[in-house]
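S.K.: Next comes the sequence, and after it the predicted model I'd like to discuss.
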Amino acid sequence: MTGNGWLQFALFSAVLLALIRPVGIYLAKVLEGERTWFDPLLRPVERLIYKLGGVNASEEMSWRQYAFAMLGFSAVSMILTYIIERAQGWAPLAAGWLGKLNPQKLPGVEQTLAFNTAASFTTNTNWQSYTPETTMSYLTQMSALAYHNFMSAAVGIAVAVALVRGIRRTSSNTIGNFWVDATRSILYVLVPGCVIFALLLVWQGVPQNLHPYTQATGLEAQSQTIAQGPVASQEAIKILGTNGGGFFNANSAHPYENPTPFTNLLQMLAIFLIPGALTVTLGRLTGSPGHGWAVLASMFVLFAAAFTCVYWSESQPHPLIHGAAQASSSTAPGGNMEGKEVRFGIEQSSLFATVTTDTSCGAVNSVHDSYTPLGGMVILTDIMLGEVVFGGVGSGLYGMLIFVVLSVFIAGLMVGRTPEYLGKKIESFDVKMAMLYVLIFPLIILVLTAAFVLSPTIGLSALTNNGPHGFTEILYAFTSATANNGSAFAGLSANTWWYNVVLGVAMLGGRFLMKIPVLALAGNLAQKKSAPPSPGTFPVNTGLFTVLLTGVILILGALTFFPALSLGPILEHLLLRSGQLF
């Protein structure tokens, strides 16, 4: 650990916190239909979209109608993506101008892999059991995968703002209009943000073209295929929408996706920007700015603690790891450099790993499988907390609000009064929906992990490591899939029939089974009357609330996943310390 590393962390944090407030205020204006800078250009486009889609923008939905629209839209989009993947090698598509969008003549995607990928991008997971540059054509990348990067992010924002409306409204049977919320999220937030971001990436050297791959001959007279394509546009929404699916197999470690330290900083900022800004949006829309800042403070405390642990673990030479230079010198940084890009070093690798697992992004600039046992445990724990430490675009906010409801409920039990949250009484139905959300997550992960760990044929045969590290690879895969993160412990060869299908099911369950309780909670809160705060009301805009919220998140996470962590990274660490792994 060095002063330079901490300076980089401080710079990242300062820039992030400076951007969050203006972006959060802008998001609030967009989602409430207020006038913004882009109105003269985009308002006519918005009206045209509603007209073509037969949407009455002034007509609002109940939570059931909202859920039905969200599920139906996602299902149709997933089916279309599956068809595009399967048909990308179809002869008519290879002819004429469409053939230019598949210059490498890549064949159609195998059926289980196509299902896995369609589920992955529909759910904002972007888990990739394939090598993108040798599997997906330009047409598939742009018309199917990038499309879902926009749409899945918009769906997350829509559900989050629906829950915030439920908190704010009184005696209402509606929580907004799904089509309006999703359209505004794309037109006014994601598209302008990605245009700016993509241009910055092109400026820094990221390719943006439709050329065939380049054949080159190296200094040793070896032929090499250099992949390229519409990378910058894909990279922009991959990061800003907390999607994470790379255009190249090496993801953000690839010099065409992440060529400079500046692009590395931009990517980390973009991953956190919208999830962080939505806390300001929460405070503005509920009329309690202090509550938004209290929620943001809890997120930031958990993020800073995770980074500190990962950075310390990766930068300390381990006395029982042999065969690798770990000592600091004029030519070596010291610590665990395995699986890390030299140009990013331990500091930026640790920070990127923490950022991408605190959110549902899953983009990586280093190999998580090569982290030390404790470093790997922390980034796995980040995901196990439910992707609420900033979390995904939209999903991070509504996940955190579930923990807010539980925290208020626990505070009410401690003082012996009916729990209240911003003037709404928290009753049994609200707590049931919150607990249903919390319990679905570990149920999917632990049951599926246990099933695959106990099966030598379908589970263990895909491992490249044995013992607790191999167990962690399987646990990480199902945790990443269910949490819609998408990053992986790369030692697991997951492109098999069983892993493709079951991981796809886990992604769908982790996304949509958890959204239904959120919308049900939103609908129930919207119907309630609001009461003024009383002397017994627990304030949700103070440092004490931040401490309580952080504690509830950590305690629930520990109660749920500590046994699994004990069998994986903790056991691996203990065995390594005792020398039994050698």
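M.R.: Received, thanks.
S.K.: So which residues of the chain form strands?
M.R.: Taking DSSP state E as the criterion, the chain carries its strands at 214-217, 223-226, 420-421, 424-425.
S.K.: Tell me which other helices or strands the third one touches.
M.R.: Put plainly, it is strand 420-421. Identification of packing neighbours for strand 420-421 by 3 or more Cβ pairs under 8 Å, 6 or more residues apart in numbering; DSSP states H and E yields helix 395-415. Using the backbone N, CA and C atoms, a C-beta is placed for each residue, glycine as well.
S.K.: any idea of the pLDDT on the most centrally placed residue in the chain?
M.R.: With distances taken as Cα atoms, centre = their mean, the residue of the chain nearest its centroid is residue 360 (1.2 Å). Among the per-residue scores, residue 360 holds a pLDDT of 89.
S.K.: dump the residue contacts of it.
M.R.: For residue 360, the residues meeting the contact criterion (Cβ atoms under 8 Å, 6 or more residues apart in numbering) are 124-125, 242, 244, 387, 391-393, 395-396, 483-486.
S.K.: mind redoing it with 6 Å?
M.R.: By Cβ atoms under 6 Å, 6 or more residues apart in numbering, residue 360 lies in contact with 242, 387, 392, 395, 484, 485.
S.K.: Now do the phi/psi pair for it.
M.R.: Phi and psi for residue 360, reported as degrees, to the nearest 10, are phi -90, psi 40.
S.K.: which one is it nearest to, not counting chain neighbours?
M.R.: Counting by Cβ to Cβ, 6 or more residues apart in numbering, residue 392 is the residue found nearest to residue 360 once chain neighbours are left out, at 3.2 Å.
S.K.: ok, now residue 171?
M.R.: In space, not counting the residues next to it along the chain, residue 171 is nearest to residue 529; the distance is 5.8 Å by Cβ to Cβ, 6+ apart.
S.K.: cool, residue 339 as well?
M.R.: residue 370 (2.7 Å).
S.K.: how near is that neighbour to residue 489?
M.R.: Look at residue 370 and residue 489: by Cβ to Cβ, to the nearest Å, they are 9 Å apart.
S.K.: These two: which is more packed in?
M.R.: When residue 370 and residue 489 are compared for neighbours, residue 489 comes out ahead with 28 against 18, by other Cβ atoms under 10 Å.
S.K.: got the contact list for the more buried one?
M.R.: Contacts were defined as Cβ under 6 Å, 6+ apart; by that measure residue 489 touches 368, 369, 473, 476.
S.K.: Residue 387 too?
M.R.: Residue 387 makes contact with 360, 483, according to Cβ under 6 Å, 6+ apart.
S.K.: one more time with 8 Å
M.R.: Under the criterion of Cβ under 8 Å, 6+ apart, the contact partners of residue 387 comprise 358, 359, 360, 395, 396, 399, 483, 484, 485.
S.K.: returning to that earlier point: can you tell which of the strands of the chain is closest to residue 197?
M.R.: Of all those, strand 223-226 sits nearest to residue 197, with 23.9 Å by Cβ to Cβ.
S.K.: and the closest one, which strands flank it?
M.R.: Strand pairing for strand 223-226, using DSSP bridges, gives strand 214-217 (antiparallel).
S.K.: Next, give phi and psi for residue 227.
M.R.: For residue 227, the backbone dihedrals are phi -70, psi 150 (criterion: degrees, to the nearest 10).
S.K.: Counting neighbours, what do you get for it?
M.R.: By other Cβ under 10 Å, the residues close to residue 227 number 19.
S.K.: got it, and residue 403?
M.R.: Going by other Cβ under 10 Å, the residues that sit close to residue 403 add up to 24.
S.K.: and what of residue 265?
M.R.: When neighbours are counted by other Cβ under 10 Å, residue 265 comes out with 17.
S.K.: which one is it nearest to, not counting chain neighbours?
M.R.: residue 12 (6.7 Å).
S.K.: Could you report the distance from the one you found to residue 554?
M.R.: Separation of residue 12 from residue 554 (Cβ to Cβ) stands at 23 Å.
S.K.: higher neighbour count, those two?
M.R.: Between residue 12 and residue 554, counting by other Cβ under 10 Å, residue 12 is the more crowded of the two (18 against 14).
S.K.: Who wins on neighbours among the contacts of residue 489?
M.R.: Highest neighbour count within the contacts of residue 489, by other Cβ under 10 Å: residue 476, with 29 neighbours.
S.K.: distance of the nearest residue to that one once chain neighbours are set aside from residue 453?
M.R.: Nearest residue to residue 476, sequence neighbours excluded (Cβ to Cβ, 6+ apart): residue 489, at 4.4 Å. Separation of residue 489 from residue 453 (Cβ to Cβ) stands at 14 Å.
S.K.: Could you pull out the helices in the stretch 401-550 of the chain for me?
M.R.: Secondary structure of the stretch 401-550 of the chain by DSSP state H, counting those that start in this stretch: the helices cover 428-453, 467-482, 497-508, 514-527, 543-567.
S.K.: Count the residues that sit near residue 173.
M.R.: Neighbour count of residue 173, defined by other Cβ under 10 Å: 12.
S.K.: which residues touch it?
M.R.: Applying Cβ under 8 Å, 6+ apart, one finds that residue 173 lies in contact with 62, 523, 526, 527.
S.K.: Need the max-distance pair from the contacts of residue 360.
M.R.: Within the contacts of residue 360 (distances taken as Cβ to Cβ), the two that end up farthest apart are 395 and 485, at 10.6 Å.
S.K.: Would you tell me which of the strands of the chain gets closest to residue 499?
M.R.: Closest of the strands of the chain to residue 499 is strand 223-226, at 27.5 Å (criterion: Cβ to Cβ).
S.K.: how far is the closest one from where the chain is centred?
M.R.: Using Cα atoms, centre = their mean, to the nearest Å, the mean C-alpha position of strand 223-226 is found 33 Å from that of the whole chain.
S.K.: Run through who's touching that strand.
M.R.: Under the contact criterion Cβ under 8 Å, 6+ apart, strand 223-226 has outside partners 213, 214, 215, 216, 217, 218.
S.K.: just the residues you listed: which has the poorest pLDDT?
M.R.: Summarising pLDDT for the contacts of strand 223-226: the lowest-scoring member is residue 218, with 78.
S.K.: Tell me the confidence at residue 242?
M.R.: 92.
S.K.: Repeat that for the one 10 residues further on.
M.R.: The model reports residue 252 with a pLDDT of 92.
S.K.: Against residue 260, how distant is it?
M.R.: From residue 252 over to residue 260 the distance is 12 Å, taken as Cβ to Cβ.
S.K.: Export the helices of the stretch 401-550 of the chain to JSON lines and append columns for mean pLDDT and distance to residue 79.
M.R.: Formatted as JSON lines, the entries for the helices of the stretch 401-550 of the chain read as follows, by pLDDT from 0 to 100; distance: least, Cβ to Cβ, whole Å:
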{"stretch": "helix 428-453", "mean pLDDT": "92", "distance to residue 79": "23"}
{"stretch": "helix 467-482", "mean pLDDT": "89", "distance to residue 79": "20"}
{"stretch": "helix 497-508", "mean pLDDT": "94", "distance to residue 79": "13"}
{"stretch": "helix 514-527", "mean pLDDT": "94", "distance to residue 79": "19"}
{"stretch": "helix 543-567", "mean pLDDT": "84", "distance to residue 79": "33"}
